[in-house]
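Student: Next comes the sequence, and after it the predicted model I'd like to discuss.
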Amino acid sequence: MPTPATPTASTTATPTPGAERDENLRRILGVVGEKFSAQPERATVRFRASGVGGDGVRSDIRIGRHELVVDEPPALAGQDAGPSPVETALAALLSCQVVTYRLWAAKLGILLDDVSVDVEGAIDLRRFYGIDDSGRAGFGDVRLVVTLSGPAGEERYRELAAAVDEHCPVLDLFRNPTPVTVDHVTA
């Protein structure tokens with residue numbers, strides 16, 4: 001794995017709001033890069049979540065140390081106790097974009113003060129409700145608007161965007177089929 005890029009002295013003369021964050025990210029990239037290069041088998045990480053149905057269509061979910069409520073709005077038989085499953089999917093995409101932009105900005109030595117992301121997706125609910133099975137059950141389209149701020153020029157931010165598009169795990173999930181195995185168990 002290449003050594004993370006370090007900004008030149010001329011680009012670090014005026015500290016940016018993300019300078020300390022970027023330095024920390026470059027340090028982590030170096031340590032992780034060495035570890036995964038020496039032991040590639042350690043680079044595969046399995047993530048887990050578990051959950052149980054609650055009142056109505058609510059799900060109470062545990063992800064590591066975190067608890068999350070996922071629900072539907074009243075129009076979809078929920079109580080709006082939390083974001084819907086499809087909203088959490090969009091939130092996962094949004095947050096993964098933020099992480100990936102910050103990580104790759106630090107890796108490429110591109111000064112990035114901030115990144116904000118707006119995401120929206122459209123779903124035709126007729127398949128979900130069994131009215132028309134000809135379309136997709138999931139998003140028909142998803143649109144991201146990424147706003148970058150910082151002192152780097154447009155060309156550097158295009159380079160950063162290309163790297164993020166290539167390396168963002170959740171964007172990859174949205175763009176490409178992923179094998180899924182479903183085991184149905186009766187208790």
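Tutor: Perfect, thanks for sending it.
Student: What is the neighbour count of residue 42?
Tutor: 10 (other Cβ atoms under 10 Å). C-beta here means a position set from N, CA and C on the backbone, and glycine is covered the same way.
Student: surely it meets residue 36?
Tutor: Yes: if you go by Cβ atoms under 8 Å, residue 42 and residue 36 touch, sitting 6.3 Å apart.
Student: quick one, phi psi at residue 144?
Tutor: Reported as degrees, to the nearest 10, the phi and psi values for residue 144 are phi -110, psi 140.
Student: actually residue 159, sorry about that
Tutor: Torsion angles, degrees, to the nearest 10, at residue 159: phi -60, psi -40.
Student: if I pick residue 63, what's in contact with it?
Tutor: 47, 48, 49 (Cβ atoms under 8 Å, 6 or more residues apart in numbering).
Student: try it again with 10 Å
Tutor: Contacts for residue 63 (Cβ atoms under 10 Å, 6 or more residues apart in numbering) come out as 47, 48, 49, 50, 51.
Student: And what about the last one, helix, strand or coil?
Tutor: Classification of residue 51 by DSSP: H, G, I helix; E, B strand; the rest coil places it in strand.
Student: so what's it closest to, chain neighbours aside?
Tutor: Nearest residue to residue 51, sequence neighbours excluded (Cβ to Cβ, 6 or more residues apart in numbering): residue 61, at 3.9 Å.
Student: Could you look up the SS state of that neighbour?
Tutor: strand.
Student: What separation do you get for it and residue 159?
Tutor: Going from residue 61 to residue 159 by Cβ to Cβ, to the nearest Å gives 37 Å.
Student: just residue 60 next, same as before
Tutor: Taking Cβ to Cβ, one finds residue 60 at 42 Å from residue 159.
Student: what does residue 46 give?
Tutor: 32 Å.
Student: Could you check how far residue 135 is from residue 156?
Tutor: Applying Cβ to Cβ to residue 135 and residue 156 gives a distance of 40 Å.
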